[in-house]
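Colleague: quick one, fold the following:
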Amino acid sequence: MSGPAKTLAILTVCDGLNPDWINKEHTPVIAGLRTEGMWCADHGSVFPSVTRNASASLTTGCRSVVHGLHGNTMALNEKGRLVVRDVGRPDFRHYMRRATGATLRAPSLAERIKKTGVAAAYSNVSPGAAYFLDPEHFGWVYHRAGSFGPGGEALPNGRGLDVSHDSAGDQDMTARFCDDVATRPDLALGILWLSNPDATMHLHPLGSPEHLKALREADACVGLVAETVSRLRARGHDVLFLVGSDHGMETVCGYKDIQAELAEAGVGDAFLRGDAAVAPQGSGALIYASPEARPRIGDALKFLAGRPWVDRVIPLSGLHEVGHGPLGGLVAAVDMGRIDEANPFGVPGMRWGAAKSGKGDVSPLPTGTGIHGGLGADETRPFLIALGRDYAPGSKTDKRTGLVDIAPTILDFLNISQTGMEGGPLPKRA
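Modeller: From the prediction side, this is the model:
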């Protein structure tokens with residue numbers, strides 16, 4: 001790359017990677033980066049601990065109560081009825097904008113840096129998680145379901161991202177990303193979001209040969225980015241390199257239909273009328289109700305809290321402590337229960353999952369594989385390493401950090417205001 005030296009932030013996300021799996025055997029590159037930068041020893045996710053909510057929180061530096069995206073699924077008020085929609089679908093932003101008048105209620109990283117340079121996000125997770133990194137098209141977003149430039153220009157074949165949703169697709173995307181950040185002169189921020197190890201863990205048990213292979217393949221992608229960062233620095237560029245994940249994983253032992261249980265408690269008619277809804281989030285769930293139905297739903301929640309497969313029901317008064325508020329009819333959240341057993345590969349701890357509401361027979365859903373979305377110790381614990389001029393090699397911070405601190409850290413590095421963000425920049429070297 002020729003031309004004057006520039007300031008560039010690069011973020012790489014290994015979806016679903018819990019720090020317990022980072023070691024010299026399975027992730028030698030990431031383990032090595034710990035000695036080159038600052039390790040965030042007490043780093044947390046958001047609730048629900050799912051990728052779509054994490055994506056919005058990461059890019060805005062705020063939790064759901066501020067940015068307005070609730071989770072992997074979300075109920076919207078559509079013509080007086082609460083309708084649960086999948087945030088991961090490419091068209092979810094259309095439904096959200098029609099129901100609420102906007103997408104995210106807080107500016108994204110791409111919007112905040114537009115006067116300094118452009119942002120380019122390459123993502124191989126769900127379309128919704130990718131698009132909510134820059135939902136209003138201030139920069140570039142590359143995804144297999146469709147790629148867009150500034151202003152929402154759809155990129156034609158050959159300019160978009162045609163990759164598979166697996167490790168091979170991650171590798172192809174990483175090669176494209178590395179070429180882009182090394183040659184695009186106007187780039188101020190590059191985000192690479194890998195599908196693995198999350199995509200593999202949803203299909204195979206934690207600790208299985210398939211899971212360990214996915215760890216090595218994701219680690220290799222991080223290695224390609226690290227090499228690109230080294231070349232950029234050798235050419236005089238000032239690069240902030242952040243490597244992390246959005247959540248961890250636990251093992252699912254079975255599924256329960258929360259809507260069916262609430263119907264058993266006597267409020268099934270509220271769901272039929274669209275006055276109540278349950279949005280499942282893996283090992284968590286969000287519950288919505290209209291003002292008229294709220295008192296009846298409140299009584300039913302007491303019944304739900306006593307079920308053996310529920311760890312905790314968080315009422316309306318407690319939503320703020322998990323990053324939510326009474327927005328869009330949200331009245332409660334559920335953290336599914338735990339079982340103190342190990343899976344066949346010796347990985348301890350199992351969780352109940354929230355089934356797709358109202359579907360009745362949940363037996364076809366896989367068990368024994370990875371799950372996340374609740375408040376479990378492993379699923380809420382991603383990792384983060386910061387490498388650059390502000391962070392001493394081999395250092396560690398014990399300060400509580402989280403996904404909402406990533407955007408402020410990037411903006412601080414680029415000398416851009418972080419006003420309005422809940423998070424703050426990572427601590428720098430003394």
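
Colleague: ok, the closest residue to Asp405 other than its chain neighbours - contacts?
Modeller: Among residues not flanking Asp405 along the chain, Gly423 sits closest, at 4.0 Å (Cβ to Cβ, 6 or more residues apart in numbering). Backbone N, C-alpha and C define where each C-beta goes, glycine included. Gly423 makes contact with 61-62, 402-408, according to Cβ atoms under 8 Å, 6 or more residues apart in numbering.

Colleague: Gly423 falls within a strand, correct?
Modeller: No - looking at Gly423 with DSSP: H, G, I helix; E, B strand; the rest coil, it is coil, so not inside a strand.

Colleague: distance check, it against Pro4.
Modeller: For Gly423, the distance to Pro4 equals 31 Å [Cβ to Cβ, to the nearest Å].

Colleague: go on, Pro408?
Modeller: As judged by Cβ to Cβ, Pro408 and Pro4 stand 27 Å apart.

Colleague: so for the two, which residue has more residues nearby?
Modeller: Between Pro408 and Pro4, counted using other Cβ atoms under 10 Å, the more crowded position is Pro408 (20 against 7).

Colleague: now do the contacts for the more buried one.
Modeller: 61, 418, 421, 423-425.

Colleague: most surrounded residue in those residues?
Modeller: Among these, Gly61 has the most neighbours (other Cβ under 10 Å), with 30 neighbours.

Colleague: give me the secondary structure label for Gly169.
Modeller: Under three-state DSSP, Gly169 comes out as helix.

Colleague: count the neighbours of Gly101 for me.
Modeller: For Gly101, the neighbour count with other Cβ under 10 Å is 8.

Colleague: relative to Asp340, how far out is it?
Modeller: 46 Å.

Colleague: now His372
Modeller: 18 Å.

Colleague: more crowded one of the two?
Modeller: His372 (32 against 7).

Colleague: surely that one meets Arg381?
Modeller: No - His372 lies out of contact with Arg381 (Cβ atoms under 8 Å); the separation is 10.4 Å.

Colleague: common neighbours of those two, please.
Modeller: Common contacts of His372 and Arg381, defined by Cβ under 8 Å, 6+ apart, comprise 247-248.

Colleague: in strands, which of the contacts of Gly423 fall?
Modeller: Secondary structure of those is defined by DSSP state E; positions in strands are Gly402.

Colleague: could you save the contacts of Gly423 as CSV and add columns showing distance to Ala220 and pLDDT?
Modeller: Formatted as CSV, those follow (distance: Cβ to Cβ, whole Å; pLDDT from 0 to 100):
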residue, distance to Ala220, pLDDT
Gly61, 30, 98
Cys62, 33, 98
Gly402, 27, 98
Leu403, 24, 98
Val404, 29, 98
Asp405, 27, 98
Ile406, 23, 98
Ala407, 27, 98
Pro408, 30, 98
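
Colleague: if any of the contacts of Gly423 are buried, give me the ChimeraX selection for them.
Modeller: To isolate the buried subset of the contacts of Gly423 in ChimeraX, counting by 16 or more other Cβ atoms under 10 Å, use the following:
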select :61,62,402,403,404,405,406,407,408
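
Colleague: list the ones among the contacts of Gly423 that fall in helices.
Modeller: Residues of these located in helices (DSSP state H): 406-408.

Colleague: so where's the stretch 51-200 of the chain shaky on pLDDT?
Modeller: Residues of the stretch 51-200 of the chain meeting the criterion pLDDT under 70: none.

Colleague: ok, which stretches of the stretch 201-350 of the chain are strands?
Modeller: Secondary structure of the stretch 201-350 of the chain, counting by DSSP state E, counting those that start in this stretch: strands at 238-244, 250-256, 276-280, 284-289, 310-314, 330-336, 338-342, 348-354.
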